[in-house]
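Q: all I have is the shape, not the residue letters:
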């Protein structure tokens, strides 16, 4: 069976006036994977609004 090499870590996330403590996924090099919300923001910055 192959080793996946993923890890979980804690971080802070600010949403409006609320600050939350969240869990993030990290790869074997320690780089954090983007959340779904961050991927949507990146898409909108690059291509505009999502198609309906």
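A: Nice, thanks for sending it over. Note that the coordinates shown come from a computational prediction; the quantities given were computed from them, not determined experimentally. Numbering: from 1, shown residues only.

Q: tell me the contacts of residue 22?
A: 10, 11, 12, 13 (C-beta atoms under 8 Å, 6 or more residues apart in numbering). Heads up, the C-betas are built off the backbone N, CA and C, glycines and all.

Q: repeat that for residue 24.
A: Counting by C-beta under 8 Å, 6+ apart, residue 24 has contacts 8, 9, 10, 11, 32, 33, 35.

Q: give me the beta-bridge partners of it?
A: With DSSP bridges as the criterion, residue 24 is bridged to residue 9.

Q: next one: residue 13
A: residue 20.

Q: what about it, how many neighbours?
A: When neighbours are defined as other C-beta atoms under 10 Å, residue 13 has 13 of them.

Q: surely it meets residue 38?
A: No - using C-beta atoms under 8 Å as the test, residue 13 is too far from residue 38 to be in contact (9.8 Å).

Q: can you add neighbour count and give the contacts of residue 24 back as TSV?
A: Compiled in TSV, the contacts of residue 24 are given as follows (neighbours: other C-beta atoms under 10 Å):
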residue	neighbour count
8	8
9	11
10	8
11	11
32	13
33	11
35	13
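
Q: can I get these in CSV including pLDDT and distance to residue 49?
A: CSV is the format used below for those (pLDDT from 0 to 100; distance: C-beta to C-beta, whole Å):
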residue, pLDDT, distance to residue 49
8, 91, 32
9, 90, 32
10, 91, 32
11, 88, 28
32, 91, 26
33, 93, 24
35, 90, 19
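
Q: can you redo those residues as TSV with distance to residue 42?
A: Shown next, in TSV, are those (distance: C-beta to C-beta, whole Å):
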residue	distance to residue 42
8	22
9	21
10	22
11	18
32	14
33	13
35	11
